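Novice: 3D, please:
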Amino acid sequence: SGSTQGDRNDNSPAVTAPVSDRDDTIRGLAYTCDFVYVYHMKSGVFARIVAVTAFAVLMLGGAVVAQASELLMFEQAGCVYCKHWNHDVGALYDKTDEAKLLPLRRVDIQDQKTSGVALASPVRFTPTFVVVDNGHEVGRITGYNSDDMFWGLLDALVAKLPRLPQASPT
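Specialist: The predicted structure is shown next:
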């Protein structure tokens, strides 16, 4: 049987690998850059790096959310209402503030399973507009009636986003 070393604090025997196997494992770890780098760092330096990284993540949080948010338009060939949306809204959408926050991505309704988004339920009608944040559905607009209705419903969905990026002064 393999040798063991010592007891744990709860007085139950600690089972370890035989000494030669453990030495091989430690030697293997010692040759990896990550292990050697962290092993040789002083704890204070490591703590400062962790603190600076956490601060940077917090400061960039709004920008990360904006990049992860998008508007998916599920459509299909021959959709009359999709054609109306393209004429009324689609031609100018990319120039709007909403497009800066929610870039438009068009998805054929037949490809919804490969859209990379966790939908709350399957899309059954076109057009369907899904506001997505970090890969998850925030809400949706099913159908298209008029540009006024679309913009009002989209504004309501934008308000549901967890965080909005800070607008830069102009």
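
Novice: Every contact and neighbour count from this point should use C-alpha atoms.
Specialist: OK.

Novice: Dihedrals phi and psi, Thr96?
Specialist: Thr96 has phi and psi values of phi -100, psi 160 when expressed as degrees, to the nearest 10.

Novice: and what of the one 10 residues further on?
Specialist: Arg106 adopts backbone torsions of phi -90, psi 140, taken as degrees, to the nearest 10.

Novice: How about it, nearest residue that isn't a chain neighbour?
Specialist: Met73 (4.8 Å; C-alpha to C-alpha, 6 or more residues apart in numbering).

Novice: pretty sure the one you found is touching Arg105, no?
Specialist: Yes - under the criterion of C-alpha atoms under 8 Å, Met73 makes contact with Arg105 at 6.2 Å.

Novice: Tell me where this protein has helices.
Specialist: 19-30, 33-40, 43-59, 61-68, 80-85, 91-93, 97-101, 147-158 (DSSP state H).

Novice: So what touches the shortest one?
Specialist: By C-alpha atoms under 8 Å, 6 or more residues apart in numbering, the list of residues contacting helix 91-93 from outside reads Ala99.

Novice: mind listing what Arg106 touches?
Specialist: Leu72, Met73, Phe74, Glu75.

Novice: Closest one of these to Gly139?
Specialist: The shortest gap between Gly139 and any of these belongs to Leu72, at 10.7 Å (C-alpha to C-alpha).

Novice: correct me, but that closest one touches Val132?
Specialist: Yes - if you go by C-alpha under 8 Å, Leu72 and Val132 touch, sitting 7.4 Å apart.

Novice: what number of residues lie near Gly116?
Specialist: Counted with other C-alpha atoms under 10 Å, residues neighbouring Gly116 total 10.

Novice: any idea how far it is from Glu75?
Specialist: With distances taken as C-alpha to C-alpha, to the nearest Å, Gly116 is found 16 Å from Glu75.
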